[in-house]
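K.L.:
Just to be clear, the model below is a prediction. Sequence and coordinates:
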Amino acid sequence: MDSNLILKEALSLSPAERLQLIEMLTRSLNKPDDNIEKIWAEESEKRYKALEEGRIKVLAFKEVIQRYK
């Protein structure tokens, strides 16, 4: 279907219907990708292990802010 036609039809909807359409489209874009979720889970485990083993230094939030002022 032509995207211009879709837009024209969407603009003919009431404001409430357009908002509902926007919400449905947004939800469709926010579906988790299982592969990405797996990669992030592995990375977070590596970071947690490094923290527990003392291989990384933890900074207080105030220190980070001061460093980049």
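P.N.:
Arrived safely.
K.L.:
what number of residues lie near L21?
P.N.:
L21 sits with 13 neighbouring residues when counted by other C-beta atoms under 10 Å. For the C-beta atoms, the positions are set from N, CA and C on the backbone; glycine is no exception.
K.L.:
ok, for it, nearest residue in space, not its chain neighbours?
P.N.:
A10 (6.1 Å; C-beta to C-beta, 6 or more residues apart in numbering).
K.L.:
Where does L13 sit: helix, strand or coil?
P.N.:
Under the three-state scheme (DSSP: H, G, I helix; E, B strand; the rest coil), L13 adopts coil.
K.L.:
Same question for G54.
P.N.:
State at G54, reduced to three classes by three-state DSSP: coil.
K.L.:
Give me the number of neighbouring residues for it.
P.N.:
Residues near G54, counting by other C-beta under 10 Å, number 8.
K.L.:
and what of E9?
P.N.:
11.
K.L.:
Quick check, central residue of the chain?
P.N.:
N30 (7.4 Å; C-alpha atoms, centre = their mean).
K.L.:
Report pLDDT for it.
P.N.:
Here the pLDDT value assigned to N30 is 83.
K.L.:
now do A60
P.N.:
92.
K.L.:
Could you do G54 as well?
P.N.:
On the pLDDT scale, G54 gets 93.
K.L.:
now the residue nearest to L21: how far from K57?
P.N.:
51 Å (C-beta to C-beta, to the nearest Å).
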